[in-house]
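Visitor: Sequence and predicted structure are below.
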Amino acid sequence: MSFPDAVRNGWSSFKEDFFLGGMAGKRRFLRRLTTYLGDMQSALHQRWTPDEGNQPPAAYRRDLLWQLTTADRETPGAMPVRLSPVKTVALLTNQVLDWSTLQPTYGGGERVCLTLASLLREQGIAVTIYQGAQQPFRSVCDGFDVVGLASRQRYSEFDHGISEAFYERSHGYDAVIYNLPELASAQRMRSDAILLCHGVWFDHRNYQNLSIRSEEWFRHLYRAFAHPGLVVSVDTNSINVVRALWPELAAKMVFLPNFADCQRFYPDPSRVEKRSPQELTILFPRRSHINRGSRILGDILLRIPYPCRFQWIGEGDGPDNQIIARLCEKDSRLQFLKASFDEMPAYYRAADICVIPTIACEGTSLSCIEGMASGCAMVSTHIGGLSDIIQSGINGLLASPTAESIAGAVNHLIEHHEERTRLQLAARQSALHFDVSRWRERWLAILSHHGWIASCPSEPSLFWL
């Protein structure tokens, strides 16, 4: 940062916070003062010692991560316990209705959002869903009022403009929930907010327009996890990453993995019969997207020499749809399909092996759990929260996020019927631990513990497990 920029930032906060912000603003300015002094120290050092490659002083480098977030640093408080039950909730998410068409979208994050909203509604809580939008709108999805907030201010993937607008709207509700950290980085948030974290999303460099790991990006990341009273994470990887960066923030993070309805997703008993390779179906239940592995699918297929049937089910980004469509033209074994949520159980039951070839940005994949519940032999990469679901050699196989490793695991299951059958049976048994009924019980325990609902019959400590 240049010296004029450092002075300008400090002066701006002095005027806006110290003079106009009341006592809260004065406290905020004093917390930020350390950062401004550090910025000016670094800027002066760069100006006075150009021969050192503009490197900041050793003391500044040593505490860089602390310096990057100290402007907004507060000691994270415990989630306050309500004295009366919640009657109204505002829930902020990316989308349950498409930003352009306003048609329902049912990806993993949207399904979790609507399932949680339905659980709250069953407890007598009225839920209003707020989401991003190109233009403001009001509509309905699954019986919930949906309010679109126009996206106006972003930094990298953080939409702090929507986050700030949601904060202004949240005062009239008993409680608030944020469904993504990327929507929770504004300067202001209620202390009783619950944040859902769907996995680490910054473990890649697949987009040119993101500023991941810049100084300003770290400040947004810190605010997203520092401000909520409670963070419910679908995977342990997210918790461990936050703990490695800011140990004090991980103390308010709770692990609650995603789910499958094991009555809807169940195995075909005939699948344990020995089959030849040409009788096997290998399913990729993935949205076509670079992080979901669509761009390594061709290399995976090249390394599998057997005449199996391959199905990629799920449309996504335009360029990746074209990639898979072209692969179908080159490899007659591959089908590119789209299916509704109601149609998916039949595809899982017809499959022998289910592959989750994720290369980045994954929590506890609903597709992975649904494949397990359906009795598929699972092959999954060890990205994000997938290793919270799959124990390699016990209920599936974990592979590196490369075509060679994934294809090797698939070939092993094709060639070894007994191993494939063993893992199919083990997958179903493991999936029962992720049944939606258990997910519901743990959420009710969380809400009861913090006073959102009356006491529930669930074990009080269930949500810590």
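Guide: Yep, that arrived. Numbers count the residues shown, from 1 in each chain.
Visitor: Could you list the low-pLDDT ranges of the stretch 1-150 of the chain?
Guide: 1-25, 27-77 (pLDDT under 70).
Visitor: In space, not sequence, find me the middle residue of this protein.
Guide: What sits nearest the mean C-alpha location of the chain, by Cα atoms, centre = their mean, is residue 198, with 2.2 Å.
Visitor: So what's the residue count around the closest residue to that residue other than its chain neighbours?
Guide: Excluding the flanking residues, the one nearest residue 198 by Cβ to Cβ, 6 or more residues apart in numbering is residue 363, at 4.5 Å. For the C-beta atoms, the positions are set from N, CA and C on the backbone; glycine is no exception. For residue 363, the neighbour count with other Cβ atoms under 10 Å is 28.
Visitor: Ok, residue 369 next?
Guide: 27.
Visitor: Pull the helix or strand harbouring it out as PDB, backbone CA atoms only.
Guide: Using DSSP states H and E, residue 369 sits in helix 366-373. Taking Å, rounded to 0.1, in the frame of the first residue of the first chain, the C-alpha atoms of helix 366-373 are listed here in PDB:
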ATOM      1  CA  LEU A 366     -25.000 -34.700  -1.300                       C
ATOM      2  CA  SER A 367     -24.400 -36.700  -4.400                       C
ATOM      3  CA  CYS A 368     -21.700 -38.700  -2.700                       C
ATOM      4  CA  ILE A 369     -24.000 -39.500   0.300                       C
ATOM      5  CA  GLU A 370     -26.900 -40.300  -2.100                       C
ATOM      6  CA  GLY A 371     -24.700 -42.700  -4.100                       C
ATOM      7  CA  MET A 372     -23.700 -44.500  -0.900                       C
ATOM      8  CA  ALA A 373     -27.300 -44.700   0.300                       C
END
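Visitor: can you give me the angle the helix or strand just after that helix makes with helix 366-373?
Guide: Scanning forward in sequence from helix 366-373 by DSSP H and E, the next helix or strand is strand 377-381. Orientation check (axes from the mean of the first three to the mean of the last three Cα atoms, to 10 degrees): strand 377-381 against helix 366-373 gives 150 degrees.
Visitor: gap between strand 377-381 and the chain center?
Guide: Chain-centre distance of strand 377-381: 20 Å, with Cα atoms, centre = their mean, to the nearest Å.
Visitor: Note down every partner strand of the next helix or strand after that strand and its orientation.
Guide: Heading C-terminal from strand 377-381, the first helix or strand you meet, by DSSP H and E, is strand 397-399. Pairing partners of strand 397-399, with direction, according to DSSP bridges: strand 377-381 (parallel).
Visitor: Could you list the residues in contact with the partner strand?
Guide: Identification of contacts with strand 377-381 by Cβ atoms under 8 Å, 6 or more residues apart in numbering yields 293, 352-359, 362, 365, 368, 371-372, 386, 389-390, 395-401, 405-406, 409-410, 413, 420-421, 423-424, 427.
Visitor: cool, stretch 425-433 as well?
Guide: The contact list for stretch 425-433 (Cβ under 8 Å, 6+ apart) reads 260, 262, 265-267, 272, 369, 371-378, 389, 391, 394-396.
Visitor: ok, now stretch 160-176?
Guide: Residues outside stretch 160-176 that contact it (Cβ under 8 Å, 6+ apart): 82, 86-92, 128, 130, 132, 147, 149-154, 178, 183-190, 192-194, 220, 452.
Visitor: Weed out the non-buried ones from these.
Guide: Buried residues within these, counting neighbours by 16 or more other Cβ atoms under 10 Å: 86, 89-92, 128, 130, 132, 147, 149, 178, 183-186, 189-190, 192-194, 220, 452.
Visitor: got the angle for the helix or strand where residue 418 lies vs helix 366-373?
Guide: Take DSSP H and E as the rule and residue 418 turns out to sit in helix 417-431. Angle, helix 417-431 to helix 366-373, by the same axes, to 10 degrees: 110 degrees.
Visitor: Quick check: buried residues in the next helix or strand after helix 417-431?
Guide: For helix 417-431, the succeeding helix or strand toward the C-terminus, using DSSP H and E, is helix 436-449. Within helix 436-449, the residues that count as buried by 16+ other Cβ under 10 Å are 436, 438-449.
Visitor: Could I get the CA-only coordinates of helix 436-449 as CSV?
Guide: Taking Å, rounded to 0.1, in the frame of the first residue of the first chain, the C-alpha atoms of helix 436-449 are listed here in CSV:
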residue,chain,number,x,y,z
VAL,A,436,-31.9,-36.9,6.8
SER,A,437,-33.6,-37.9,10.1
ARG,A,438,-30.3,-37.6,12.0
TRP,A,439,-29.6,-34.3,10.3
ARG,A,440,-33.0,-33.0,11.4
GLU,A,441,-32.4,-34.1,15.0
ARG,A,442,-29.0,-32.4,15.2
TRP,A,443,-30.4,-29.2,13.8
LEU,A,444,-33.2,-29.3,16.3
ALA,A,445,-30.7,-29.8,19.1
ILE,A,446,-28.7,-26.7,17.9
LEU,A,447,-31.9,-24.6,17.8
SER,A,448,-33.0,-25.8,21.2
HIS,A,449,-29.6,-25.3,22.8
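Visitor: Could you check the angle it makes with helix 366-373?
Guide: 130 degrees.
Visitor: From here on, call the first residue 435.
Guide: Sounds good: first residue 435 from here, last item helix 870-883.
Visitor: For helix 870-883, name the packing helices and strands.
Guide: Packing partners of helix 870-883 (3 or more Cβ pairs under 8 Å, 6 or more residues apart in numbering; DSSP states H and E): helix 542-556.
Visitor: So which elements touch the helix it packs on?
Guide: Under the contact definition 3+ Cβ pairs under 8 Å, 6+ apart, helix 542-556 sits against strand 522-527, strand 560-567, strand 578-584, helix 800-807, helix 870-883.
Visitor: mind running it again at 10 Å?
Guide: strand 522-527, strand 560-567, strand 571-575, strand 578-584, strand 609-612, strand 628-631, helix 800-807, helix 870-883 (3 or more Cβ pairs under 10 Å, 6 or more residues apart in numbering; DSSP states H and E).
Visitor: ok now the last one, how far from the chain's centre?
Guide: Going back to what we said before, that points to helix 870-883. For helix 870-883, the distance to the chain centre is 19 Å (Cα atoms, centre = their mean).
Visitor: Show the pLDDT at residue 668.
Guide: Turning to residue 668, the model gives it a pLDDT of 97.
Visitor: any idea of the pLDDT on the nearest residue to it once chain neighbours are set aside?
Guide: Nearest residue to residue 668 in three dimensions, chain neighbours excluded: residue 797, at 4.1 Å (Cβ to Cβ, 6+ apart). Residue 797 is assigned 96 on the pLDDT scale.
Visitor: can you pull the contacts of residue 797?
Guide: Residues near residue 797 by Cβ atoms under 10 Å, 6 or more residues apart in numbering: 542-543, 546, 630-635, 667-669, 671-672, 691-692, 817-820, 822-823.
Visitor: How is it assigned, secondary-structure-wise?
Guide: Secondary structure for residue 797, judged by DSSP: H, G, I helix; E, B strand; the rest coil, is coil.
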